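Colleague: Can you look at this prediction? I've put the sequence above it.
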Amino acid sequence: MPRPARRRRRWAALPLALVLAGTGCVRRPPPPPAPPPFVHEVHPVTPAELGPSWRPGCPVGAERLRLLRLGHWDFDGRAHVGELIVHEQVAAAVTTVFASLYRQRFPIRRMTPVDRYGGDDDISMAADNTSGFNCRRAVTEGPVAWSRHAYGQAVDVNPVENPYLLGGRVLPPAGAAYVDRSAYRPGMAVPDGVLVRAFAEVGWAWGGVWSDPDYQHFSTGG
C-alpha cells in the first residue's frame with residue numbers, strides 16, 4: 001500500500017517575524033540613533049571679527065567679549081551649531097541655558113552674530129536670528145541709553161516668534177502673527193515655559209513681563 005504524500009512545510013510562505021516568533025526569537029527593530037552631543041566652545045574675539053557690531057567708544061572692549069559656539073535644534077528637529085557673542089562674565093551662564101534648551105529640544109531658527117547683518121538689529125530680527133552682543137542704543141521711548149546688548153549681557157531669542165511690542169509697533173513686523181500669546185507655538189517664550197525657565201534658572205530676567213513686552217529679550221539686568 002503506497003504511503004500518503006507528506007505535506008510540505010510552508011515556512012517559506014510565512015513572514016520572517018512569525019517564523020522567528022515560533023522559535024522563541026523575535027527580531028526587534030534597531031533603536032533610533034542617539035542625538036549628537038551638545039556642542040559648547042568659547043573663543044576670544046578681535047575688533048576685526050566683531051565687524052560693524054563694535055566700534056571704539058562702546059561700553060565694553062572687544063577683549064572682554066567671547067564667541068560661543070553652541071548646539072541647538074531647528075524647527076525641523078535637526079541639530080545645528082550656532083554662534084553667539086556675549087560678555088566673558090556671562091559666558092558660562094549662557095552656555096548652561098543653551099545646554100538646557102538643547103536637552104529639551106527647544107527650537108531656534110538661527111543663531112548668528114549680528115555683524116553678519118551689518119550690525120543692523122532690524123535686519124537681524126527680520127531674519128528670526130537669535131543674537132547677543134550688539135553695540136547699540138536701547139530700543140525704547142524713554143531716555144537714550146545703551147542697550148544691555150551693548151554690554152554683551154542680553155540675548156534675543158527667536159524674534160519673529162517673540163516680538164517686541166513698543167508703542168503700537170511690532171518688532172519685527174513679521175512677529176504680528178505671534179502677538180496673540182494665548183496659543184503656544186514652537187519657539188515661543190511663555191511664562192513657565194522651557195525658554196523662560198532656562199534663563200530664570202541662571203538668574204536672568206525676561207522682557208515679556210514689561211509694560212511694553214519684549215518677548216524675545218533676556219538679560220542680566222532685567
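Modeller: Sure, I can see it.
Colleague: shaky segments in the chain?
Modeller: 1-25, 222 (pLDDT under 70).
Colleague: helices or strands next to the lengthiest helix in it in the packing?
Modeller: Longest helix in the chain, counting residues (DSSP state H): helix 91-103. If you count contacts as 3 or more Cβ pairs under 8 Å, 6 or more residues apart in numbering; DSSP states H and E, helix 91-103 packs onto strand 40-44, strand 65-73, strand 79-87, helix 194-200. (C-beta placed from N, C-alpha, C; glycine too.)
Colleague: orientation of the shortest one relative to helix 91-103 in degrees?
Modeller: Yep, that's strand 40-44 we're talking about. Counting by axes from the mean of the first three to the mean of the last three Cα atoms, to 10 degrees, strand 40-44 lies at 150 degrees to helix 91-103.
Colleague: same question, the third one
Modeller: Here the directions of strand 79-87 and helix 91-103 differ by 160 degrees (the same axes, to 10 degrees).
Colleague: how about strand 79-87 as PDB, C-alpha atoms only?
Modeller: Output of strand 79-87 as PDB, limited to C-alpha atoms (Å, rounded to 0.1, in the frame of the first residue of the first chain):
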ATOM      1  CA  ALA A  79      20.800  69.700  15.200                       C
ATOM      2  CA  HIS A  80      23.000  72.700  14.300                       C
ATOM      3  CA  VAL A  81      25.800  74.600  15.800                       C
ATOM      4  CA  GLY A  82      25.200  78.400  16.100                       C
ATOM      5  CA  GLU A  83      27.300  81.300  17.300                       C
ATOM      6  CA  LEU A  84      26.500  83.900  19.900                       C
ATOM      7  CA  ILE A  85      28.700  86.700  21.300                       C
ATOM      8  CA  VAL A  86      28.400  87.700  25.000                       C
ATOM      9  CA  HIS A  87      30.400  89.200  27.800                       C
END
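Colleague: Let me see the residues that make contact with it.
Modeller: Strand 79-87 has contacts (Cβ atoms under 8 Å, 6 or more residues apart in numbering) with 35-36, 39, 45, 50, 53, 60, 64-74, 94, 98, 108, 110-113, 130-133, 151-153, 155.
Colleague: Could you turn the buried ones of those into a ChimeraX selection?
Modeller: Only the buried entries of the contacts of strand 79-87 go into this ChimeraX selection, using 16 or more other Cβ atoms under 10 Å:
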select :39,45,50,53,60,65,66,67,68,70,71,72,73,94,98,108,110,111,112,113,130,131,132,133,151,152,153,155
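Colleague: which of the residues in the helix or strand that contains Val170 are buried?
Modeller: If you go by DSSP states H and E, Val170 is part of strand 169-171. Within strand 169-171, the residues that count as buried by 16+ other Cβ under 10 Å are Leu171.
Colleague: Each with direction, which strands does that strand pair with?
Modeller: Sheet pairing of strand 169-171 (DSSP bridges) gives strand 164-166 (antiparallel).
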